[in-house]
Structures are given as C-alpha cells and as structure tokens.
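Visitor: sequence plus predicted model, see below.
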Amino acid sequence: EAQVTQNPRYLITVTGKKLTVTCSQNMNHEYMSWYRQDPGLGLRQIYYSMNVEVTDKGDVPEGYKVSRKEKRNFPLILESPSPNQTSLYFCASSSGPTDTGELFFGEGSRLTVL
Amino acid sequence: GEDVEQSLFLSVREGDSSVINCTYTDSSSTYLYWYKQEPGAGLQLLTYIFSNMDMKQDQRLTVLLNKKDKHLSLRIADTQTGDSAIYFCAEKWNTGFQKLVFGTGTRLLVSP
C-alpha cells in the first residue's frame, strides 16, 4: 500500500529536549516536505527536499532541521524544542513537479512542548 | 501577500449544497487544488483544476475558477454527514519547483 508514515503520532516533551519526527514514504517520490498545522493559520511549510541531499527552507524553518540521506526518509529534527513549536506536523511527498502536483500526506504527528 | 484566504467555518444541513470559497494569491498559479482532512487524518486530494479552465465537475463536486478575481470555489451537492471535514484550497505557484501554498482551511459541519 502506497503511504507516508510518520512517527511518533503523538508526543509530549519538555522545552529543550531534542526530538526527531521520522517520515518515510514507499512510493519512490523525489519530493518531500514538512508542514505544520495551527488553528486559523492553515498549513505552513517548514522545509522541503527536491531529492537526496537537496533540502531547502520553507516559510517557517526557524527552530527546525531536516536531512535527506535516503530517498524514502525525511526526518524533522527539533534540536531544542520550545512551546511555540507545539503543533500538528505533517510530512508529505510527491513524484516531483508533475502536472497535477498531488501531495500525499502522512497521518500527522501531534507534538506538545511543555 | 502570501495568504490564501478561506472562511473558517460552514454549517449546512444534510441534503443541502455546500459552497466553500477561497481567494488565492498568484495569478500565474498553474494548478489549484481542494484537499479534504477528516478528523485525525492527513490531507487527501479531493480534486484539482488547471488554471486555463473555468469549471470542473466530478460527481457531486463542482469547482469554479475566476482567474480575474483569483477566486476558487468548491460546491458539494447533496451534502452528507460524511462530508464533515476541513477543506483546504491550495495553489501551485508557477516557479521552478513544487511550491504549494495552502489556505487556512474551512471546517464544514453537516447536521442531520
């Protein structure tokens, strides 16, 4: 089954404790991206990657890091989480700048930083 | 600006039509999309329209595009309780890479 898998789905942590949210896709997609969803703000892009070893900042990259060492994985790293990073995070992938541009989303990771 | 705007909330009765509106930002956007987010799930593509089209119909869904006003709408005919969800419009910027900009989302509540 074609899917984007995120882990963990739910996490409560404390300020300053480094964490990683993993994302893996099994569709051989070149393009992967991280979004955060906040009430009244919709989805905002954090980082994206056009291919292996190619990453770039989205609209709200501060406080986050990513890496793309393999095509299927695109982890999101919070080196020193803060309460304003409490949010619902989505990883998404697509086959690239195709005609339809459809993004496939994971089920989301709800993060609470105390 | 970069904001794709939607109204936050819409409530309809089962069997009525629902119309969700969106104002986007980039007149050169090539594709415009409607995504659906059900509770506890990620977003799924519902439908899309190419920028050279005015209308697209897909079963109960009708998408209307007004490029002059940069206005996109999604009409759901015979709305069902299973249509209750958050609906996001998104635009694909006409840049050299895959940039999708999402709206704020409209929560549709369908009551029996």
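Guide: That came in fine, so what should we check first?
Visitor: how close does B:Lys70 get to B:Phe88?
Guide: Going from B:Lys70 to B:Phe88 by C-beta to C-beta, to the nearest Å gives 16 Å. All C-beta spots, glycine's among them, are computed from the backbone N, C-alpha and C.
Visitor: that should have said B:Thr30, apologies.
Guide: B:Thr30 is 18 Å from B:Phe88, where distance means C-beta to C-beta.
Visitor: which one of these two has more residues nearby?
Guide: B:Phe88 (25 against 16; other C-beta atoms under 10 Å in any protein chain shown).
Visitor: from A:Thr55, how far off is the more buried one?
Guide: 24 Å.
Visitor: again with B:Ser51
Guide: In this view, B:Ser51 and A:Thr55 are 29 Å apart by C-beta to C-beta.
Visitor: how about A:Lys69?
Guide: Separation of A:Lys69 from A:Thr55 (C-beta to C-beta) stands at 10 Å.
Visitor: so the two - more neighbours on which side?
Guide: Neighbours per residue (other C-beta under 10 Å) separate A:Lys69 from A:Thr55, with A:Thr55 holding more: 18 against 9.
Visitor: beta partners of that one?
Guide: A:Ser49 (DSSP bridges).
Visitor: that one contacts A:Arg68, doesn't it?
Guide: Yes - using C-beta atoms under 8 Å, A:Thr55 is in contact with A:Arg68, at 5.5 Å.
Visitor: who touches both of these two?
Guide: A:Ser49 (C-beta atoms under 8 Å, 6 or more residues apart in numbering or on different chains).
Visitor: nearest spatial neighbour of A:Ile12, skipping sequence neighbours?
Guide: Distances taken as C-beta to C-beta, 6 or more residues apart in numbering or on different chains place A:Thr112 nearest to A:Ile12, at 4.6 Å, with adjacent residues excluded.
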